[in-house]
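>>> what's the 3D shape of this:
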Amino acid sequence: MPKRIVVIGGVAAGPSAAAKAKRTNPDCDVVLFEQNEHISYGVCEIPYYIGGDVEQSRLVSNTPAQLRERKGVEVRVLHRVEEILPAKKKLIVRDIALAKLREEPYDRLILATGSRPKRLGVDGEDARSIFIVKALEDAYRLYEYIKSEKPKHAVIIGGGYIGMEMAEALRSRSLDVTILHRHNLPMHGLEKETQEWILRELAMNDVQFIGEATTEGFVVDKLKRVSHVVTKDGSFKTDLVILALGVLPNSEIAQKAGIRIGTTGGIRTDQRQETNCDNIYAAGDCCEVKNLVNDKPSYIPLATIGSKQGWVAGENAAGGSAAFRGAIRSIAVKVFGIEVARVGLSSEEARASGFDVVTESVSAWSKVAMMPGSAKLSITMIADRRTKRLLGVNMIGSDGVVLRANTFAVAIQNKMSISDIQQWDLAYSPPFTPLWDPILVAANATSRKLSKP
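Here you go, the predicted model:
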C-alpha cells in the first residue's frame with residue numbers, strides 16, 4: 001500500500017483527488033502542491049463575480065487550512081513542481097516564497113496540472129489593461145481594475161463560452177462591449193440555428209459582434225493601457241481587453257518525464273486514470289478524454305469531468321478500484337436572457353467521425369402556452385441515419401432548456417435511438433411542461449426525417 005501520495009495542482013481535479021485518496025486510505029499521507037495562493041475555487045463563477053452577482057467571499061470553496069482540517073490533506077501553496085523523476089519516485093519542487101529547490105519523494109503521484117490560456121502572440125499583449133479569465137488572481141485583478149480605472153469600452157477577443165459570459169458581466173457594469181471572433185458566428189461548434197439566435201440576443205443587449213476578425217496587435221499608451229485593438233480590417237477603440245481564446249493542456253512537465261501524451265496534447269490515461277508510468281496518475285484539464293459518442297480521444301476541459309477524474313485517480317492511487325469511462329461533452333451557458341446547451345457531438349464532428357448525419361430543428365413551447373412564463377425554445381437533434389442513434393443536441397431558449405438538455409445527455413451517453421426517446425414517459429403539468437414535451441416533439445420530427453429516403 002502507498003505511504004505517501006502527492007498531488008500536483010489545485011482547483012477541481014487536484015483537491016478532489018487528494019480528498020478521495022485520504023478518504024480511501026486514511027493511513028497514507030496525502031500532500032498537495034499548488035504554485036498559486038489558492039487551491040479550490042469556482043472558476044466558472046468568475047464572470048458572475050465580475051458582473052456583481054457573486055460576492056468575492058463565496059468564490060473560495062476550500063482554503064489550504066480547511067482542506068487540511070476537513071480532509072486531512074497537507075497543502076503547500078506557492079510551491080511549483082518543476083520536474084518529475086519517475087525512476088527515483090521524486091519531484092523537484094521550488095518553494096517560491098523562499099526561492100529554494102528541493103527534492104520531494106512520492107509513492108504514488110497524481111498530476112492535476114490543469115490548463116493554460118491560449119495567447120495571441122502579438123505586440124502589446126502584456127499591457128496591464130489586458131486580462132484573461134482563468135485563475136482567481138486574474139479575477140481579483142480585473143475586478144480591481146474596473147473599480148479603480150472605470151473603463152468605458154471593452155473588447156473581448158473570442159466568442160466562445162467565456163466570451164459570452166464576460167460580455168454579459170461587462171454590460172451589467174455599463175461598459176460598451178465589442179466581441180472580435182475568428183469565425184463568422186459566435187460559439188463555434190454549435191449548430192447554425194443556435195448561433196444565429198445567440199447573435200440576435202447579443203444585438204438586443206447592445207453587444208457588437210465582429211466575425212472573421214483577426215487581431216494583429218494593440219496600441220498601448222505610456223501607462224501600458226490599450227487604446228486600440230488592431231485587426232486586419234481596422235482598429236477598435238477600447239480601454240479594457242479580455243482574452244477569451246480557449247485553453248491548452250498543461251502537459252509539458254509530464255511529457256519531459258516520459259509520460260505518454262495523446263493526439264489532443266493532453267496526457268493519455270486508462271480508465272483508472274493511470275498513465276504509462278508506474279504509480280503516476282493524471283486527472284482534469286491536463287488530460288485527454290475518451291469521447292463516448294464516437295469512441296475517439298477528445299480534449300474537453302470541464303470542471304465536471306475533472307472532478308470525476310480526480311475522484312477516480314485519488315481512489316486508485318490509494319489502493320482502490322474505480323473507473324472513469326469517458327464523457328460526451330455536456331455544456332451550458334447563460335447569454336443574457338437565454339439558456340444555451342450543447343450535449344454530444346456537433347453535426348460537423350459527427351460527419352468527421354463517419355456517421356451518416358441527419359439533423360432536425362424544432363420550435364416548441366417550454367410549458368403549456370397559456371401559462372405564465374411559457375416561452376418558445378429551439379431544439380436541434382443530430383442523429384445517425386444507419387443506427388438511428390441520437391448523437392448530439394443543441395437547445396436554446398429563455399425557459400426550460402438546461403434540464404431538458406441533461407435528459408438528452410443521458411440518452412446520448414446510453415447510446416439510445418430516436419425511437420427509444422419517442423417512447424419516454426415524461427411528466428406533464430401545465431406550469432412546467434406541455435402535454436407533448438419539447439423533447440418528444442423533437443424526437444417525433446427527427447424520426448420522420450430519418451424515415452425519408
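>>> any idea whether Met370 is helix, strand or coil?
Under DSSP: H, G, I helix; E, B strand; the rest coil, the three-state class of Met370 is coil.
>>> Give me the nearest residue to it, chain neighbours excluded.
Nearest residue to Met370, sequence neighbours excluded (Cβ to Cβ, 6 or more residues apart in numbering): Pro430, at 7.8 Å. Every C-beta, even on glycine, is put in place using the N, C-alpha and C of the backbone.
>>> pretty sure the one you found is touching Ser366, no?
No: contact criterion Cβ atoms under 8 Å: Pro430 and Ser366 do not qualify, at 11.4 Å.
>>> Look at those two and report which has more neighbours.
Using other Cβ atoms under 10 Å as the criterion, Pro430 and Ser366 rank with Ser366 on top: 23 against 13.
>>> so what's the backbone phi/psi at that one?
phi -70, psi -30 (degrees, to the nearest 10).
>>> can you tell me the distance between the two ends of stretch 325-341?
From its first residue to its last, stretch 325-341 covers 23 Å (Cα to Cα, to the nearest Å).
>>> do stretch 19-32 as well
Terminal residues of stretch 19-32 are spaced 10 Å apart (Cα to Cα).
>>> hmm, who's touching it?
With Cβ atoms under 8 Å, 6 or more residues apart in numbering as the test, stretch 19-32 has contacts from 1-10, 14-15, 18, 39, 67, 71-76, 104, 107-108, 110, 310-311, 313-315, 317-320.
>>> Give me the distance between the closest residue to Gly10 other than its chain neighbours and Ser16.
Nearest non-adjacent residue to Gly10, counting by Cβ to Cβ, 6+ apart: Ile39, 3.5 Å away. Look at Ile39 and Ser16: by Cβ to Cβ, to the nearest Å, they are 11 Å apart.
>>> Next, the contact list for the residue nearest to Gly10, please.
Contacts of Ile39 were listed using Cβ under 8 Å, 6+ apart, and they are 10-11, 14-15, 32, 62-64, 67, 75, 77.
>>> which of those are buried?
Among the contacts of Ile39, those classed as buried by 16 or more other Cβ atoms under 10 Å are 10-11, 14-15, 32, 62-64, 67, 75, 77.
>>> With secondary structure as added columns, please give these in TSV.
Formatted as TSV, the buried ones among the contacts of Ile39 follow (three-state DSSP):
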residue	secondary structure
Gly10	coil
Val11	coil
Gly14	helix
Pro15	helix
Leu32	strand
Asn62	strand
Thr63	coil
Pro64	helix
Leu67	helix
Val75	strand
Val77	strand
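>>> quick one: which of the residues you listed is nearest Met370?
Set against Met370, the nearest of the buried ones among the contacts of Ile39 by Cβ to Cβ is Val11 (45.9 Å).
>>> in terms of contact, does Pro438 touch Ala375 like I think?
No: between Pro438 and Ala375 there is no contact under Cβ under 8 Å: 11.0 Å.
>>> ok, Ile253 - how many residues close by?
Residues near Ile253, counting by other Cβ under 10 Å: 20.
>>> Over to it. Which of the three states is it?
Per three-state DSSP, the secondary structure class of Ile253 is helix.
>>> Report the separation between Glu271 and Pro297.
That one is not Glu; residue 271 is Gln. Distance of Gln271 to Pro297, computed by Cβ to Cβ: 13 Å.
>>> residues in contact with Gln208?
Contact partners of Gln208, counting by Cβ under 8 Å, 6+ apart, are 176-179.
>>> Parallel or antiparallel, which strands does the host helix or strand of it pair with?
Here Gln208 sits within strand 207-210, counting by DSSP states H and E. Here strand 207-210 is paired, per DSSP bridges, with strand 176-180 (parallel).
>>> quick check: mean pLDDT across the partner strand?
Here strand 176-180 scores 98 as its mean pLDDT.
>>> centre of the chain versus it, how much separation?
Here strand 176-180 shows a centroid-to-chain-centroid distance of 22 Å under the convention Cα atoms, centre = their mean, to the nearest Å.
>>> Now do it: everything it contacts.
Contacts of strand 176-180 (Cβ under 8 Å, 6+ apart): 152-159, 163, 167, 170-171, 186, 202, 206-210, 213, 215, 229, 231, 236, 238.
>>> where are the low-confidence patches of this structure?
1 (pLDDT under 70).
>>> Identify the residues contacting the closest residue to Ser298 other than its chain neighbours.
What sits nearest to Ser298 in space, not counting adjacent residues and going by Cβ to Cβ, 6+ apart, is Asn291, at 4.2 Å. By Cβ under 8 Å, 6+ apart, the contact set of Asn291 is 297-298, 300, 326-329, 345.
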